[in-house]
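> for reference, the sequence and a predicted model appear below.
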Amino acid sequence: MHKTISLILLASPAFASEDIADQYPGSPLYSKPVEVIPHVWSAIGATAPPTYDNSGHNNNLSFIVTGDGVIVINGGAAYILARALHEEIKAITDQPVKLVIDENGQGHAVLGNSYWAEQGVPILAHVDAAHEVEEQGNRLLEQMKGYNRDKAEGTFIAAPTETFEDKKTIEMGGFRIDVLHLGPAHGPGDTQVWLPDQGLVIAGDMAFHERMLPIFEYTIVLDWIETWETAFEPLNATYVIPGHGHPTNMDQVRRYTHDYLVYLREKVGEHLDNGGDLAEAYYVDQSPYANLDTFEELATRNAGRVYEQMEFE
């Protein structure tokens with residue numbers, strides 16, 4: 001009952017609006033961590049873009065209290081967020097943080113590594129995410145300083161101390177934790193944290209549902225669909241903590257990730273078959289997804305990126 005009630009409450013649209021600037025005014029975190037299933041917690045970020053009000057906490061910062069130490073998933077967008085998350089962890093358990101896992105090489109996953117590095121905590125990332133930190137870290141830091149201003153204090157580039165390629169299995173306390181790179185999806189080094197005994201996946205940016213997913217210039221939509229169908233869906237997870245938005249289930253993230261990508265390719269494909277150009281492609285019908293947060297910011301750009309990918313297929 002605990003599990004079901006938690007997920008129903010957390011999936012309520014009332015708790016996920018890009019119009020709410022901050023849900024936890026007493027902390028730099030956007031929201032207070034919630035226990036999704038026993039011993040697995042997540043501080044759910046805003047579904048809006050990063051701002052000074054949300055301190056850049058617009059993704060999910062999760063942690064597992066294993067019984068023999070805590071594993072944190074995502075360094076966070078700034079030193080201040082990682083420190084605030086640690087304070088919440090210490091209020092829940094006296095077990096030490098033994099590992100941080102970055103879900104990708106984006107700023108909101110890695111910039112808070114600076115805090116954890118100062119604590120002497122090992123930081124694990126996929127080799128491609130580590131490469132992105134090396135190549136883009138300074139740019140990501142400057143972008144964060146632009147919106148976070150004084151809240152950026154203390155943040156510096158701290159590279160991952162450990163890397164993996166396809167899979168790393170961790171046995172800690174009462175948990176088996178599979179750290180996975182299932183294949184190309186949203187961006188370089190996308191990482192999923194799979195708890196097979198609990199049927200829960202911390203999906204990272206493989207899966208979206210409350211906000212529209214962004215298609216970046218390096219996001220190959222056809223590859224993302226294939227990775228979903230051949231590797232992510234077969235996990236058959238009962239619980240999904242996505243990269244953004246509240247904990248949910250596979251049906252929801254499939255609807256707003258896989259099915260959205262397939263739908264958008266179909267619409268752009270029809271447009272191409274009718275001789276349509278790029279300028280018109282931006283406005284293919286995406287109305288079935290207009291309810292998602294960040295739709296206004298991302299829908300037209302997504303359509304343009306898919307057009308560019310499909311034009312010469």
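Yes, it's here. Residues are numbered from 1 along each chain as shown.
> all strands of this protein, in order?
34-37, 40-43, 61-65, 70-73, 97-101, 123-126, 162-164, 167-172, 175-180, 192-195, 200-204, 239-242 (DSSP state E).
> Gly304 against Glu280, yeah?
No. Using Cβ atoms under 8 Å, Gly304 makes no contact with Glu280, being 10.3 Å away. Using the backbone N, CA and C atoms, a C-beta is placed for each residue, glycine as well.
> who's more crowded, the two?
Regarding Gly304 and Glu280, a neighbour count based on other Cβ atoms under 10 Å identifies Gly304 as having more, with 18 against 13.
> dump the residue contacts of the more buried one.
Each residue near Gly304 by Cβ atoms under 8 Å, 6 or more residues apart in numbering is listed here: 278, 281-282.
> again, only using 10 Å
215, 268, 278-279, 281-284 (Cβ atoms under 10 Å, 6 or more residues apart in numbering).
> can you tell me how far Gly56 is from Gly146?
11 Å (Cβ to Cβ, to the nearest Å).
> tell me which of the two has more neighbours.
Gly56 (30 against 11).
> ok, back up a step: with respect to burial, which of the strands of the chain scores highest?
The highest mean neighbour count among the strands of the chain, using mean count of other Cβ atoms under 10 Å, belongs to strand 200-204: a mean of 28.
> would you map the helices across the stretch 151-300 of the chain?
Per DSSP state H, counting those that start in this stretch, the stretch 151-300 of the chain carries helices over the ranges 221-227, 250-253, 259-273, 278-281, 295-310.
> chain neighbours aside, what residue packs nearest to Asp285?
Lys267 (6.1 Å; Cβ to Cβ, 6 or more residues apart in numbering).
> for burial, what's the neighbour tally of Thr230?
Close neighbours of Thr230, defined as other Cβ under 10 Å, add up to 11.
> tell me the contacts of it?
Contact partners of Thr230, counting by Cβ under 10 Å, 6+ apart, are 182-183.
> re the thing from before, count of residues packed around the residue nearest to Asp285?
Lys267: 17 neighbours (other Cβ under 10 Å).
> dump the residue contacts of it.
For Lys267, counting by Cβ under 10 Å, 6+ apart, the contacting residues are 281, 284-286, 303, 306-307.
> which of those residues are buried, as a PyMOL select command?
Buried members of the contacts of Lys267 can be picked out in PyMOL with the line below, counting by 16 or more other Cβ atoms under 10 Å:
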select buried, resi 281+284+286+303+306+307
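> and which of the contacts of Lys267 is nearest Ala48?
Ala48 lies nearest to Gln286 out of the contacts of Lys267, by Cβ to Cβ, at 19.1 Å.
> does the closest one touch Tyr256 like I think?
No. Using Cβ atoms under 10 Å, Gln286 makes no contact with Tyr256, being 11.9 Å away.
> mind listing the shared neighbours of these two?
Joint contacts of Gln286 and Tyr256 (Cβ under 10 Å, 6+ apart) are 212, 292.
> what's the closest residue to Ala117 other than its chain neighbours sitting at in phi/psi?
Among residues not flanking Ala117 along the chain, Ala158 sits closest, at 3.8 Å (Cβ to Cβ, 6+ apart). For Ala158, the backbone dihedrals are phi -120, psi 110 (criterion: degrees, to the nearest 10).
> Ala158 is in contact with Pro122, isn't it?
No. Look at Ala158 against Pro122 with Cβ under 10 Å: they stay out of range, at 11.2 Å.
> distance of the residue nearest to Gly154 when sequence neighbours are not counted from Pro122?
Nearest residue to Gly154 in three dimensions, chain neighbours excluded: Tyr79, at 3.7 Å (Cβ to Cβ, 6+ apart). Separation of Tyr79 from Pro122 (Cβ to Cβ) stands at 18 Å.
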